[in-house]
Structure formats: structure tokens, C-alpha cells
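Novice: quick one: sequence plus predicted model below, questions after.
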Amino acid sequence: MEIRSLKLINFRNYEFLELKFSPHTNIIYGKNGSGKTNLVEAIYILGITKTFRLGNESVIIKKGKNITKIEGLIKDNVLNSYKIVVSEAGKHIKIDNNKISKISDYLTKVNIILFSPDDLKIIKDTPMTRRRLLNIEISGINKEYLTLLNNYNKLLKQRNTYLKALSKKTNYNSNFLNILTEELINTGLKIVNTRDYFITSINKYIKDIYYEITKKGNLSLNYKSEYKNKTKEQLLAMYQKNISREIIIGKTLFGPQHDDIEFIIDKEIVKEFSSVGEQKNSVIAFKLAEIKNIEETLHKQPILILDDLFSELDQEKITNILKLLDNKLQTFITTTEIDFVQKELLANSQIFHVVNGKVKEE
Ligand SMILES: Nc1ncnc2c1ncn2[C@@H]1O[C@H](COP(=O)(O)OP(=O)(O)OP(=O)(O)O)[C@@H](O)[C@H]1O
Ligand SMILES: [Mg+2]
């Protein structure tokens, strides 16, 4: 899959921009603050509908304007035109001029794998960040997953509200609570199985990829979930045993809302043990393993974005990462220093020079 062209109107520091891309490697270079990340962010938003950066939806609108448009032609089997408009009134999404209301359909159409410097948070932050990662990545390859998540969250909220209400009563009928618990377990188990399957798939590739980059260490992911390897009956018993505690605090005590993933290199937990470079390589290995997984399961090639790939990595690791990239893959690499890019790669890439919200093709 590839993005052929991009058009931006009042997006971040771009007032107007029209570009055509190479189906292979695209190198985007320019000084700090020139607009490199903004450019790849626009591509990401076109594929995923949301930014990977912080802030509310309207932060992408150019300062002083009240509407932004992102448009692009993306080729999967066929060429489709994608359009996203964000204004204070909200967000509108269109494929080939047809309005999209079901986000889960849209999300599985365009596969984008992004590495950004912020992704180091995947290792360091709280489990919530890693659950968000799982949710975003699985939603991109599995149409049902987002619906499952929404259903689960609704049930969880309902169950918590009910538990709070019960905490104020002395005697109650437990039928309704039992129904909620069972529904929660049914939906929760589907989520956990889907996550477990995803992580098992990533583990098939991540070790070799990490080794190719670093030439030492065995990387793997460990999925941690209170539901993992438990049957429905065991889970029912677990809730049953703790029901009085749940009622006292008015909150559901177990479930995939607590899930986490651990990155492990040679039995050591990366978060606690590894250097910044090793953490960065672990995350890059994860993203490259996702590409393999998408190729194997969906028989598609995602678009790869590597924002600021070169910072904090030594030349050897950079060379090893670039070697791993299949040249059939459409890739976007941003960098402040064009000199960091090997001559051979430069010769085979389309090069864009960004200066203050303007882009020159070289
Ligand atoms: N909504 C907006 N309106 C106008 N300008 C914006 C908006 N949002 C961000 N900017 C500006 O866009 C500029 C470019 O940001 P961007 O993150 O793309 O830089 P970059 O080229 O990736 O820099 P670095 O090398 O430091 O990563 C920033 O200076 C920022 O102030
Ligand atoms: Mg940047």
C-alpha cells in the first residue's frame, strides 16, 4: 500500500501544500521546527484519523484559521481518495467522497506503522500507554476489536455504577449483578484472547529483528493480564470471591482494563534495566515486527513512517535498521541531517527539503 499524493490546507505550519511521493523511500529533511513531523503527522492522520501527538483535535488547525483539510490518494488494491476535514464543528471523514461514519471500517483500510521519538513512552510510561498502543495497533488490523472494546467499556461503566449503588444498600438482589459480571467476562475474554494472539504473533518476529539491529540480546514481549489462561468459570469464581470487596469500594477489581505488556531482554525488564538506545531499538523492533505480522496475516504492506529515526542511535544500529527495510515498502524518514543518510539510500530515495512550512523536492 502506498500514499501517492498529499494536499494540505491550513494544517499546522502549512498554509498550502501539494506533494507527490515515491512508492519506495522518501527522505524528509530540514531544521528543528521546520515542519517535518507535521508532514508525516498529516499522512498518519489520513490513515488513522487521529494524531499521534498530544492535544485536542483542533490543535492541528493552523493558528489563526478555523478549518483544516488533509487530502490524499492512497493505493491499496485500487486507488482511493481520502479526505479529512477538522474544524471547531468537528471532524469529517470521506473516502471517494462517501462520508464515513463507522470508524472501525476506516481504520482497517489504511495500515500505517509509525515510529516517533515519543514512542519511547511505550517502555517508560504507565500500563495505560501500552494498552493504548495495543488498542490502536489491533484496531488497525481487526475490524471487530473496536466494537469489543466499546462494549466492554460500557459494561464496565455500568457494572461500576451498579456496584456503587449497592454499596449504599444493606440487602440486594444479586441477579442483575451476575448478569453484568457474566457479560463483562464474555466480552473481556474476547479482548484478552485477541490481545494475546496479537502479542504471540509479534513474538514470532521480534526476537530476530531485534538481534539483526543490535547483534546481541533476546527481546520478547510478555503479556500480563488478570484474565490470561483462565476459563470463564475460574473468572466467575474470582469475582464471586471478591464481591464484597467490590461492593465496598464500588469498583470492578479485575479485567483487561489492567492489562500490560512487558518488554524483556535476556530475562531483564527493559523498562528497569536497559539504556535509552536499547529501549529505542526495542520499540523499533516491535514496529518492524508489526510490519511482518501485517504482511503475513493481511497480505498487505503497510506504510512505514520513521520520524527522527537517527537521533540517539549509533551509525551501526542505523545501518542495520535500514538494511531490514524491504525496499518494496513505502517509507518516510525524517531527519535534521541529510548527512546521516547513507549515499546508497539517498541515491534511491525521493528527497524533500522542508523550510518553514514550505517543501522543496530535490
Ligand atoms: N496549529 C499550528 N499552527 C501553526 N503552527 C504550528 C501549529 N502546530 C505546530 N506548529 C508549528 O509547527 C512547527 C514545526 O513543527 P514540527 O514538529 O513539524 O517540526 P520538525 O521539523 O519536526 O522539528 P524537529 O526537528 O524539532 O522535530 C513548530 O515550530 C510549531 O510551532
Ligand atoms: Mg520532528
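Specialist: Nice, thanks for sending it over. Ligands and ions are numbered 1, 2, ... in the order given.

Novice: how many other residues sit next to Gly231?
Specialist: You called it Gly, but residue 231 is Thr. By other CB atoms under 10 Å, the residues close to Thr231 number 11. Where C-beta positions appear, they are placed from N, C-alpha and C, glycine not excepted.

Novice: what residue in the stretch 51-200 of the chain comes nearest to ligand 1?
Specialist: Relative to ligand 1, the nearest point of the stretch 51-200 of the chain is Lys63 (3.7 Å; CB to the nearest ligand atom).

Novice: can you pull out the helices in the stretch 101-250 of the chain?
Specialist: 103-107, 121-124, 127-139, 145-166, 175-214, 232-241, 243-249 (DSSP state H, counting those that start in this stretch).

Novice: what's the fifth one packed up against?
Specialist: Packed against helix 175-214 by the contact rule (3 or more CB pairs under 8 Å, 6 or more residues apart in numbering; DSSP states H and E) you find helix 127-139, helix 145-166, strand 219-224, helix 232-241, helix 276-298, helix 315-324.

Novice: was I right about Thr214 contacting Lys280?
Specialist: No. Judged on CB atoms under 8 Å, Thr214 makes no contact with Lys280 at a distance of 10.5 Å.

Novice: out of the two, which sits in the busier spot?
Specialist: Taking other CB under 10 Å, Thr214 and Lys280 do not tie; Lys280 has more neighbours (22 against 19).

Novice: which residues touch that one?
Specialist: Lys280 makes contact with Leu120, Glu312, Leu313 under the criterion CB atoms under 8 Å, 6 or more residues apart in numbering.

Novice: from Asn203, how far out is it?
Specialist: Lys280 sits 20 Å away from Asn203, going by CB to CB, to the nearest Å.

Novice: near ligand 1, anything from stretch 7-21?
Specialist: Yes. Contact of stretch 7-21 with ligand 1 (CB under 6 Å from any ligand atom) involves Arg12, Asn13.

Novice: got any ranges where the stretch 1-150 of the chain has weak pLDDT?
Specialist: For the stretch 1-150 of the chain, no stretch is flagged by pLDDT under 70.

Novice: tell me the residues of the protein that contact ligand 1?
Specialist: Listed as neighbours of ligand 1 in the chain under the rule CB under 6 Å from any ligand atom: 12-13, 30, 32-38, 59, 61-63, 308, 336.
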